[in-house]
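S.K.: Pasting the sequence and the predicted model now:
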There are 2 protein chains.
Amino acid sequence: MAVSRAKLKRQPVAADRTRFRLLQAASAVFADRGYDRATVRDICNRANVNVALINYHFGDKLELYTEVLRGSVKHPDSLQEVHDLFAQQDEPEVLLRKFIRLMLHRMIKRREAPNLHMRLMLHELARPTPAIARIVDESVKPLHDQLCVLLGRILDLPPNDQRTRLCAQSIIGQTIHYAHHMPVIGRLWPELKMTPEQQDMVANHIADFSLSYLKSSREEHRGMNSIRPGRRGAK
Amino acid sequence: MAVSRAKLKRQPVAADRTRFRLLQAASAVFADRGYDRATVRDICNRANVNVALINYHFGDKLELYTEVLRGSVKHPDSLQEVHDLFAQQDEPEVLLRKFIRLMLHRMIKRREAPNLHMRLMLHELARPTPAIARIVDESVKPLHDQLCVLLGRILDLPPNDQRTRLCAQSIIGQTIHYAHHMPVIGRLWPELKMTPEQQDMVANHIADFSLSYLKSSREEHRGMNSIRPGRRGAK
DNA sequence: CCTTATCTTAAACACGTGTTTTAAACTGTT
DNA sequence: AACAGTTTAAAACACGTGTTTAAGATAAGG
């Protein structure tokens, strides 16, 4: 088998090694600094590799970046946990609270290793590159749609209802706010150091804040629409 | 009178003109592109002025920028309306709704003229420069503090209570989300074109979404604390 | 061993950026 | 009108960026 692989891809034994190291280094640097602030020399130094090799192996910086994203989307590390979460059988309200908590944690702890995909995503949201379409379609949208399904269940509305979508944006907005504007928040509120306990506290607040509307809105809506509300989808 | 002015400031008659034009052009370009993406040549072209004059009149690009901010903070155009709003005597709930509506409108209509200060602020939040401290202390914090006072009145809590602050962040987060991530939101929800009507619709949603928690939290809090709640501060 | 294709290296290139230089033009004063 | 101080203009500079070049190193096949 090793022979047949060697036949299929003749040359790559050594080249694959540097390709791999470049991808690895590039992931780290792009996740850390974002596309525009990352430099090819940064990446090559970290990979212990000559500057010309990015262009030799990938064509140019942007293709290296999209290659990193492609790999990141295929193995979306921390994002996988989020999808796993939705597979659980908890009550929707409990699930939403867990979701908010997990997203907040993953967004805040920037420095740790396994958040590559999340950090790349956050940079894309803040400063979109030509790859924004892929990121949204393949990473953000699935997340968003699952959140809408969940909210639809709580609200007793279709996932694509206007009100459902607005609630999704409210929750996403509150959460992402802490990821993008922590320097400013910290200046407005110096006591907030975002220790793990404070992260939980914030996550619980966002959940409480949001569930208040979600629950009352459902009751109001059910009361108006029919006398025996029943479950949506049980036709 | 023209003579006395000429005596007080001897030389500046011509120089002031280009200084002024530079500040004006720089305001527009910085507001449009943010500090790092704005180029001195962009600014000078727009001012019809030689590239060297920025360094002659202001020292360097950063000092020109802080000068723009200084002027922007002194005459914070659109931000003034927000402060005026707080001076009104409406019920807190009504005031909050108006506040959210106004902030959202000012943040969204980026292209129009009188939003200089707001646009500069938004760029600072997204990509802080060394001037972030000034911006937060002199523009964001006053706004934030007034919002906390307002929320404190609704919640029947002190403005610096943890819960009050969390609510402020929830509202700011929801609102700013539409300013910073409209390209992404538009891709997730293509029907949302942010026409004036849709802006109002979103603003009202954010108000409803937030007031639901604020009101229920107040009642719960009042019920727990004392039998005759009364007004806070009337000791 | 020699040839060939592949990979790597050091250096240079092209370009955009903020900044500085140098001399010319302008302005007000005597 | 002549001078000194100030302002402007054109060009060049310094530097960081992504990219390319041309030659050398490495491995594989005949």
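M.R.: Perfect, thanks for sending it.
S.K.: A:R119 is in contact with A:R33, isn't it?
M.R.: No. If you go by C-beta atoms under 8 Å, A:R119 and A:R33 don't touch, sitting 9.9 Å apart. Bear in mind the C-beta positions are built from the backbone N, C-alpha and C, glycine included.
S.K.: burial measure for A:A168, as a count.
M.R.: Counted with other C-beta atoms under 10 Å in any protein chain shown, residues neighbouring A:A168 total 25.
S.K.: Any part of the host helix or strand of it near chain B?
M.R.: In this structure, A:A168 sits in helix A:162-180 according to DSSP states H and E. Yes. Applying C-beta under 8 Å from any C-beta of the partner chain, one finds helix A:162-180 touching chain B at A:163, A:165-167, A:169-170, A:172-178, A:180.
S.K.: Looking at that helix now, give me its mean pLDDT.
M.R.: The average pLDDT within helix A:162-180 is 98.
S.K.: After that helix, which helix or strand is next?
M.R.: According to DSSP H and E, the helix or strand after helix A:162-180 is helix A:182-188.
S.K.: And the contacts of that next one?
M.R.: Contacting residues not belonging to helix A:182-188 are listed as A:108, A:177-178, A:192-194, B:125, B:128, B:132-133, B:136-137, B:140-141, B:144, B:169 [C-beta atoms under 8 Å, 6 or more residues apart in numbering or on different chains].
S.K.: what sits against A:T129?
M.R.: A:35-36, A:62, A:65.
S.K.: and what of A:H75?
M.R.: A:H117.
S.K.: Got the confidence number for it?
M.R.: 78.
S.K.: Any figure for the gap between it and A:S217?
M.R.: 38 Å (C-beta to C-beta, to the nearest Å).
S.K.: Show the residue spans covered by the helices in chain A.
M.R.: Using DSSP state H, the helices of chain A run over residues A:2-8, A:13-33, A:40-47, A:52-58, A:61-74, A:77-87, A:92-108, A:116-126, A:132-135, A:141-155, A:162-180, A:182-188, A:196-225.
S.K.: Output those helices as a markdown table; include the columns distance to B:V94.
M.R.: Shown next, in a markdown table, are these (distance: least, C-beta to C-beta, whole Å):
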| stretch | distance to B:V94 |
| --- | --- |
| helix A:2-8 | 71 |
| helix A:13-33 | 45 |
| helix A:40-47 | 52 |
| helix A:52-58 | 57 |
| helix A:61-74 | 46 |
| helix A:77-87 | 38 |
| helix A:92-108 | 29 |
| helix A:116-126 | 33 |
| helix A:132-135 | 38 |
| helix A:141-155 | 26 |
| helix A:162-180 | 20 |
| helix A:182-188 | 25 |
| helix A:196-225 | 18 |
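S.K.: Next, the angle helix B:196-225 makes with the helix holding A:A168.
M.R.: 80 degrees (axes from the mean of the first three to the mean of the last three C-alpha atoms, to 10 degrees).
S.K.: How many neighbouring residues does the spatially closest residue to A:P128 that is not a sequence neighbour have?
M.R.: Leaving aside its chain neighbours, A:P128 sits nearest to B:P183 (5.9 Å; criterion: C-beta to C-beta, 6 or more residues apart in numbering or on different chains). Close neighbours of B:P183, defined as other C-beta under 10 Å, add up to 12.
S.K.: correct me, but A:H83 touches A:Q146?
M.R.: Yes. Look at A:H83 against A:Q146 with C-beta under 8 Å: they come within range, at 7.2 Å.
S.K.: Show me which of these two is the more surrounded one.
M.R.: Neighbours per residue (other C-beta under 10 Å) separate A:H83 from A:Q146, with A:Q146 holding more: 19 against 12.
S.K.: Next, the contact list for the residue nearest to that one when sequence neighbours are not counted, please.
M.R.: Nearest residue to A:Q146, sequence neighbours excluded (C-beta to C-beta, 6+ apart): A:F86, at 4.8 Å. By C-beta under 8 Å, 6+ apart, the contact set of A:F86 is A:95, A:99, A:146, A:149-150.
S.K.: ok, so of those residues, who is nearest chain B?
M.R.: A:Q146 (12.3 Å; C-beta to the nearest C-beta).
S.K.: The closest one and A:M103: what is the separation?
M.R.: Distance from A:Q146 to A:M103, by C-beta to C-beta: 12 Å.
S.K.: For A:D161, see how far away the nearest residue to A:L147 once chain neighbours are set aside is.
M.R.: Nearest residue to A:L147 in three dimensions, chain neighbours excluded: A:A168, at 5.1 Å (C-beta to C-beta, 6+ apart). Distance, A:A168 to A:D161, using C-beta to C-beta: 10 Å.
S.K.: How about A:L214?
M.R.: 13 Å.
S.K.: which of these two has more neighbours?
M.R.: A:L214 (22 against 16).
S.K.: Am I right that the more buried one is in contact with A:L155?
M.R.: Yes. Contact between A:L214 and A:L155 holds when scored by C-beta under 8 Å: they sit 6.0 Å apart.
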